[in-house]
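1. fold the following and give me the result.
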Amino acid sequence: MAAAMQGKNDRHCCLPQCTGNGRLNPELSFHKIPINDELRKSWIHAIRRDPGPLFNISKEAVVCSRHFKKEDFKWTPVRKTLRPSSVPSLFNWSKESTQRRQIIKTPLPQKRRKTDDDATDNDEELGSSNWLLHENR
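-> Next comes the predicted model:
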């Protein structure tokens, strides 16, 4: 029994850039890629994981619950299950998962014009450096 539970908690989401891990995030649920050809193609297209030399979609490949909307789940008294027609749709790279922040325009401060008094104050502050400049001439 303990070995079966450990295997279930040791799952990792197969999506690129996702750190969904059953051991570190026990609140996540993991969902196998469907066997139905049409739905399977939709999932593979949505998660951007075409089978190839670097990735093979195995029977154990799973997608974590972070990539599904709340409406994609069906809640039962015992557990939550994925609706049969659900397709993952929330990703780091999608427009739906990240909203653009609001642009706040703030007025620029107006520049203060220099006066003759500012120039003499500046000379007094730099008195020692002006002395060096005059000595080196």
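
2. what segments of this structure are strands?
-> 30-32, 62-64, 73-75, 80-82 (DSSP state E).

3. buried deepest among those strands, which one?
-> Across these, averaging neighbours per residue (mean count of other Cβ atoms under 10 Å) puts strand 62-64 on top, at a mean of 22. Glycine gets a C-beta too; all of them are placed from N, C-alpha and C.

4. pick out the residue closest to the middle of the chain.
-> Nearest to the mean C-alpha position of the chain, counting by Cα atoms, centre = their mean, stands residue 92 at 4.6 Å.

5. tabulate the strands of the chain in a markdown table, adding columns for distance to residue 107 and mean pLDDT.
-> Shown next, in a markdown table, are those (distance: least, Cβ to Cβ, whole Å; pLDDT from 0 to 100):
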| stretch | distance to residue 107 | mean pLDDT |
| --- | --- | --- |
| strand 30-32 | 51 | 92 |
| strand 62-64 | 46 | 92 |
| strand 73-75 | 47 | 90 |
| strand 80-82 | 50 | 87 |
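
6. circling back to that earlier point, so how far is residue 108 from the residue nearest to the centre of the chain?
-> As judged by Cβ to Cβ, to the nearest Å, residue 92 and residue 108 stand 35 Å apart.

7. just residue 11 next, same as before
-> 53 Å.

8. more neighbours: which of those two?
-> residue 11 (20 against 6; other Cβ atoms under 10 Å).

9. was I right about that one contacting residue 24?
-> No: using Cβ atoms under 8 Å, residue 11 is not in contact with residue 24, being 11.0 Å away.

10. any idea of the pLDDT on residue 122?
-> Looking at residue 122, its pLDDT reads 55.

11. number of nearby residues for the spatially closest residue to residue 67 that is not a sequence neighbour?
-> Closest residue in space to residue 67, ignoring its immediate chain neighbours: residue 88 at 3.9 Å, by Cβ to Cβ, 6 or more residues apart in numbering. By other Cβ under 10 Å, the residues close to residue 88 number 23.
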